[in-house]
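> The amino acid sequence is not available; the structure is as follows:
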């Protein structure tokens, strides 16, 4: 793993103080995006957006991954955990009494319907199943979570294994086609696979859609043992992103949901 780029609190504040870079970071905090999408969202020419993305990448705040749907394109994502650490460091650098701490994500139980989230990938055999199980656990079952795929296949044994290491048993879960939820209302529909994002349908009264561009861990080797490290990495990334999702669901963005 590459060593993290050293950025001082002053450098960080200067970097995100630029209005265009701030807008890019905010858009990436909502969803992974391609350059063309960011260009449309911020209303700036592509060469300027690409310049700001290079600056953010140089500071280790933003990274990119080649699209598994179209290898000529890339998805950009923001490292929100690093942004949070640098914001905390900036407060401490100004005055020790301003040292900030990031509270662990916690979703308060509400009197109304629980937020509803759907995770999608191609096979519903690994990424989306892991995300469903992790959100259930990390939210203490205060979120109603489902997962599905465009071409369901058998649950991957490494998905079962990495979840078991986290105290979650998914061995009895079945894989499902997303058509099963065609009439279901969700607050958030999150695609985890670049391919399924291209074919993802709209769901009734969908409040928000997001994309987390995550490579298929099962494609990282020819055997279960060879792909296991990729499954571990996927689980860690999902835990981080789901913690941020829980924080987002705790705000007014969560909205009301409806029965299936």
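That came through, no problem. Predicted model only: the values in this text are computed from it and were never measured.
> State whether residue 148 is indeed within a strand.
Yes: the assignment for residue 148 is a strand, going by DSSP: H, G, I helix; E, B strand; the rest coil.
> which ones are touching it?
Taking C-beta atoms under 8 Å, 6 or more residues apart in numbering, we find residue 148 in contact with 118, 119, 120, 124, 128, 175, 176, 177, 178, 180, 181. All C-beta atoms are positioned from the backbone trio N, CA, C, and that covers glycine.
> who wins for most neighbours among the residues you listed?
Within the contacts of residue 148, neighbour counts (other C-beta atoms under 10 Å) peak at residue 128, which reaches 32 neighbours.
> What distance do you get for it to residue 48?
35 Å (C-beta to C-beta, to the nearest Å).
> do the same with residue 37
Distance from residue 37 to residue 48, by C-beta to C-beta: 15 Å.
> What is the longest helix of this protein by residue count?
In the chain, assigned by DSSP state H, the helix with the most residues is helix 224-249.
> Could you find the closest non-adjacent residue to residue 41?
residue 27 (5.2 Å; C-beta to C-beta, 6 or more residues apart in numbering).
> tally of neighbours for that neighbour?
Count around residue 27 with other C-beta under 10 Å applied: 17.
> and what of the one 4 residues further on?
Other residues near residue 31 come to 19 when the count uses other C-beta under 10 Å.
> which non-adjacent residue is nearest it?
Here the residue nearest residue 31, using C-beta to C-beta, 6+ apart, is residue 210, at 4.1 Å.
> re the thing from before, strands - which of the contacts of residue 148 land there?
With strands taken from DSSP state E, the overlap with the contacts of residue 148 comprises 118, 119, 120.
> quick one, which of residue 37 and residue 48 is more surrounded?
Shown here are residue 37 and residue 48; by other C-beta under 10 Å, residue 37 has more neighbours (16 against 12).
> distance of the more buried one from residue 113?
Residue 37 sits 31 Å away from residue 113, taking C-beta to C-beta as the criterion.
> can I assume residue 64 sits in a strand?
Yes: assessed by three-state DSSP, residue 64 belongs to a strand.
> What residues are bridge-paired with the spatially closest residue to it that is not a sequence neighbour?
Once flanking residues are discounted, residue 64 sits nearest to residue 74: 4.4 Å by C-beta to C-beta, 6+ apart. Per DSSP bridges, the residues bridged to residue 74 are residue 66.
> hang on, isn't residue 161 packed against residue 228?
Yes: in this structure, residue 161 is within contact of residue 228 by C-beta atoms under 8 Å, at 7.1 Å.
> Where does the prediction get shaky in the stretch 1-150 of the chain?
1-4, 105-111 (pLDDT under 70).
> Can you give me the domain boundaries for the protein?
Split into domains by automatic domain parsing, the chain comes to 9-98, 116-254.
> and of those, who's closest to residue 104?
domain 116-254 (7.4 Å; C-beta to C-beta).
> hey, where'd the helices end up in the stretch 101-250 of the chain?
127-138, 157-164, 194-199, 224-249 (DSSP state H, counting those that start in this stretch).
> Would you mind finding the most buried of these?
helix 127-138 (a mean of 26; mean count of other C-beta atoms under 10 Å).
> quick one: that helix to chain centroid distance?
Its chain's C-alpha centre and that of helix 127-138 lie 12 Å apart, by C-alpha atoms, centre = their mean, to the nearest Å.
> relative to helix 157-164, how tilted is that helix?
10 degrees (axes from the mean of the first three to the mean of the last three C-alpha atoms, to 10 degrees).
> Return the list of helices and strands in contact with helix 127-138.
In terms of contacts (3 or more C-beta pairs under 8 Å, 6 or more residues apart in numbering; DSSP states H and E), helix 127-138 is packed against strand 116-121, strand 144-149, helix 157-164, helix 224-249.
> hmm, back to that, so which elements touch the longest helix of the chain?
Using 3+ C-beta pairs under 8 Å, 6+ apart: helix 224-249 touches helix 80-94, helix 127-138, helix 157-164, strand 188-191.
> I'm done for today, thanks for sticking with me.
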